[in-house]
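Novice: Need coordinates for the following:
(chains A and B)
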Amino acid sequence: MARLNPLERWALTLLGTIGFFAIWHGLAVSALLPRNTLPSPGAVLATAWQLTVEPFAGHTLPQHLAASLGRFGMGFGLAALVGVPLGLAMGRWRLLDDIVSPVFEMLRFVAPLAWVPFAALWFGTGIGGPVMVIFAGAFPPCLINAYRGAKLVEPRIVEAAQVLGASGLRIMAEVLLPGSLPSIVAGLRVSAGLAWQSLIGAELIVASAGIGYVMVQAQSNLAPAIVMAGMLAVGVIGLTLDVALRRTEALVKARWGQA
Amino acid sequence: MPLPDLPVQGRADTFVPTRPRAARRLPSFGVGRRNLVGALSLFGLFVLWWVLTTGTGIVTPYRFPSPAEFQGALDQFVTDGYAGGVLWVQAWHSTRLVLMGFAVAVVTGVPLGLLMGVSPRAEALLNPAFLLVRPIPPLAWIPLAIVWLGLGDAAKVLVIWFAAFVPSVINTWTGVRGVDRTLIAAARVHGAGRWRLLTEVIIPGAMPMIFTGLRLSLQASWTTLVAAELVGAFFGLGRVLDAAYRDINPPMIAVAMVVVGILGAATTQLLSQAERRLILWRA
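Specialist: Residues are numbered from 1 along each chain as shown, chains lettered A, B, ... in the order given. Next comes the predicted model:
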């Protein structure tokens, strides 16, 4: 496996990028595919741009994105607020671990999206339903990573805190939480990705606003350009979230990581 | 929670806790305290379910089914069928689509991952397309697949392929790059050709990572299939979920969820078995 010189690597990368768009564009303008199947990259960008001012499915693209991000924030925040403390507590108290684990393991096999019908039935299709589906998607990594992090905290430090008379809650907040922060943040990043993905799924199935709703409406209107503009928006937001959390993760590792 | 990759860290035995922890006082009856508490927990959950739905009726049938209603829906699904087919037909329809999409993804993804791992040229050339497509969640492909291929099976297989492809490629690629360079050099020195190097050093070395990728792919396949069938389908468990939701039939929703969960667990288990066989044989 020979190493490439940087110039060759750079050239190939450029070629790959250009090739990707060229093939896409070529397929779109050629007569190979039926009409109105694959819009060209330019058409997708133009559609996305147009959607920022012209309402589709009731709102403009930024308004839909705002609706989606609001649900995402609530579902993800709720998952973190419940998952992280529960994970830490399970790492601390074995009895709690033994009680919760089998239930958790059982529920984990159900795909988050399979919760959509119950979520819609219990909390409606507006905000509550999608938030519950996001919660179902985002909860497991929050819990698992907090649990692992708490298990990896040096037991002697916990015992030292115990000897000095710290209460269970204080140990959790002041020993286990900082000690497992790198693991928790790594879990939050995974969980944000799953939350974003579950949100799109939930909005495709039941919602009346949001980016997933835009895509499913465009699908029923047989408008692939709008569908792909939606995919573009979903991809860009997902990538931004991921980059932001990666940064945070690196910062937290540098500050609290155990070398 | 069984976490095999967790380093074992015993608590210091010299330290006597101020309060004996409740967990230590439970008898074990020779089955292991953990299993006993786990079984009690699941039993407690079942009792709670019964009490809430049947005993007191705090949770109405329109919210969540009682055990009896669940049983009734299961019987109905098995004997009369629901949303166009009996349990076995619907379950097989979904499982078949998952296996087809998964198989296509593995057959295309693993070789591509190998190629990108082995050849820096291929990696440099293909990586941009990969980086551009990757941030789009697999579920976001569902509307496009429906526009392209309609509500039938082809669209489902396409979406599952997209979902399962990425983890297959990435993990194979990572696995190949993680193969010990010394091993590769040693094989070369002993005169192994490209083909033998690939089949006898690189692929076995990357096998654990490849299987990690396959497990993630399989999970993604199920999630995506359920979502795709919920968005629009003629058959399958997602269709059952959707129909039960529209009929406001919570017992049937619960039955369909349980079936999806069991099938997901069963296929994952099969994959682990395959992994154990294959890697043992290699070693």
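
Novice: So in the chain, where's the weakest helix or strand by average pLDDT?
Specialist: Picking chain A for this. Least confident helix or strand, chain A: helix A:168-171 with a mean of 84, by mean pLDDT, DSSP states H and E.

Novice: and it with chain B, contact?
Specialist: No: shown here: helix A:168-171 not in contact with chain B (C-beta under 8 Å from any C-beta of the partner chain), separated by at least 10.1 Å. The way it works is simple: take the backbone N, C-alpha and C, and place the C-beta from them, glycine included.

Novice: what mean pLDDT would you report for the helix or strand following that helix?
Specialist: Downstream of helix A:168-171, the first helix or strand assigned by DSSP states H and E is helix A:177-179. For helix A:177-179, mean pLDDT is 86.

Novice: name the helices or strands packed onto helix A:177-179?
Specialist: helix A:128-152 (3 or more C-beta pairs under 8 Å, 6 or more residues apart in numbering or on different chains; DSSP states H and E).

Novice: Which positions in the stretch 101-250 of chain B make contact with chain A?
Specialist: B:118-121, B:124-129, B:132, B:135-144, B:146-148, B:184, B:222-223, B:226-227, B:230-231, B:241-242, B:244-245, B:248, B:250.

Novice: what residue is smack in the middle of the chain?
Specialist: In the absence of a named chain, this looks at chain A. A:Gly193 (2.1 Å; C-alpha atoms, centre = their mean).

Novice: oops, I was thinking of chain B
Specialist: Short answer for chain B (C-alpha atoms, centre = their mean): B:Gln219, at 2.5 Å.

Novice: quick one: the helix or strand hosting that residue to chain centroid distance?
Specialist: Using DSSP H and E, B:Gln219 maps to helix B:203-231. Between the mean C-alpha location of helix B:203-231 and the chain-wide mean there is a distance of 6 Å, by C-alpha atoms, centre = their mean, to the nearest Å.

Novice: From A:Leu204, how far off is the residue nearest to the centre of chain A?
Specialist: Using C-beta to C-beta, to the nearest Å, one obtains 17 Å as the distance from A:Gly193 to A:Leu204.

Novice: With A:Trp49 instead?
Specialist: Distance of A:Trp49 to A:Leu204, given as C-beta to C-beta: 23 Å.

Novice: Could you check which of the two has the larger neighbour count?
Specialist: Between A:Trp49 and A:Leu204, A:Leu204 has the larger neighbour count (other C-beta atoms under 10 Å in any protein chain shown), namely 28 against 12.

Novice: helix or strand for residue 105, which one?
Specialist: This is for chain A. Taking DSSP H and E as the criterion, A:Glu105 maps to helix A:94-108.

Novice: Switch to chain B, please.
Specialist: Of the helices and strands defined by DSSP H and E, B:Ala105 is found in helix B:87-118.

Novice: same for that helix, what does it pack against?
Specialist: Helix B:87-118 packs on helix B:67-79, helix B:120-133, helix B:153-177, helix B:203-231, helix B:237-246, helix B:250-282, going by 3+ C-beta pairs under 8 Å, 6+ apart.

Novice: chain center to it, what's the gap?
Specialist: With C-alpha atoms, centre = their mean, you get 12 Å for helix B:87-118.

Novice: Between helix B:250-282 and that helix, find me the angle.
Specialist: Orientation of helix B:87-118 against helix B:250-282 (axes from the mean of the first three to the mean of the last three C-alpha atoms, to 10 degrees) gives an angle of 40 degrees.

Novice: for helix B:87-118, which positions count as buried?
Specialist: B:87, B:90-91, B:93-95, B:97-98, B:100-102, B:104-106, B:109-110, B:112-118 (16 or more other C-beta atoms under 10 Å in any protein chain shown).

Novice: Next up, the contacts around residue 241.
Specialist: Went with chain A since none was named. A:Ala192, A:Gly193, A:Trp196 (C-beta atoms under 8 Å, 6 or more residues apart in numbering or on different chains).

Novice: Correction: the question concerned chain B.
Specialist: With C-beta under 8 Å, 6+ apart, B:Leu241 has these contacts: A:Ala114, A:Val116, A:Pro117, B:Val226, B:Glu229, B:Leu230, B:Ile253, B:Ala256, B:Met257, B:Val260.

Novice: run the last query once more with 10 Å
Specialist: A:113-118, A:205, B:83, B:226, B:229-230, B:252-257, B:259-260 (C-beta atoms under 10 Å, 6 or more residues apart in numbering or on different chains).

Novice: Buried only: go through those for me.
Specialist: Using 16+ other C-beta under 10 Å as the burial test, those include A:113-118, A:205, B:83, B:226, B:229-230, B:252-257, B:259-260 as buried.

Novice: Stretch A:110-129 and chain B in contact?
Specialist: Yes: interface with chain B: stretch A:110-129 contributes A:110-122 (C-beta under 10 Å from any C-beta of the partner chain).

Novice: export those residues to CSV and tack on secondary structure and pLDDT?
Specialist: Shown next, in CSV, are the residues of stretch A:110-129 next to chain B (DSSP: H, G, I helix; E, B strand; the rest coil; pLDDT from 0 to 100):
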residue, secondary structure, pLDDT
A:Val110, coil, 86
A:Ala111, coil, 85
A:Pro112, helix, 87
A:Leu113, helix, 88
A:Ala114, helix, 90
A:Trp115, helix, 90
A:Val116, helix, 90
A:Pro117, helix, 90
A:Phe118, helix, 90
A:Ala119, helix, 90
A:Ala120, helix, 88
A:Leu121, helix, 88
A:Trp122, helix, 89
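
Novice: so where's the stretch 101-250 of chain B shaky on pLDDT?
Specialist: Along the stretch 101-250 of chain B, no part satisfies pLDDT under 70.

Novice: what's the angle between the helix holding B:Ala105 and helix B:120-133?
Specialist: 130 degrees.

Novice: Which residue, neighbours along the chain excluded, lies closest to residue 52?
Specialist: Went with chain A since none was named. A:Leu61 (5.1 Å; C-beta to C-beta, 6 or more residues apart in numbering or on different chains).

Novice: right idea, wrong chain: chain B
Specialist: In space, B:Leu52 is closest to B:Val59, 4.5 Å off (C-beta to C-beta, 6+ apart).

Novice: Any idea how many residues pack against B:Cys119?
Specialist: Slight slip there: residue B:119 is Ser, not Cys. 15.

Novice: Repeat that for B:Trp195.
Specialist: B:Trp195 - counted by other C-beta under 10 Å - has 8 other residues nearby.

Novice: now A:Trp256
Specialist: Per other C-beta under 10 Å, the neighbour tally for A:Trp256 reads 16.

Novice: what helices or strands is the least confident helix or strand of chain A leaning on?
Specialist: Packing contacts for helix A:168-171, counted by 3 or more C-beta pairs under 10 Å, 6 or more residues apart in numbering or on different chains; DSSP states H and E, involve helix A:61-92, helix A:155-163.
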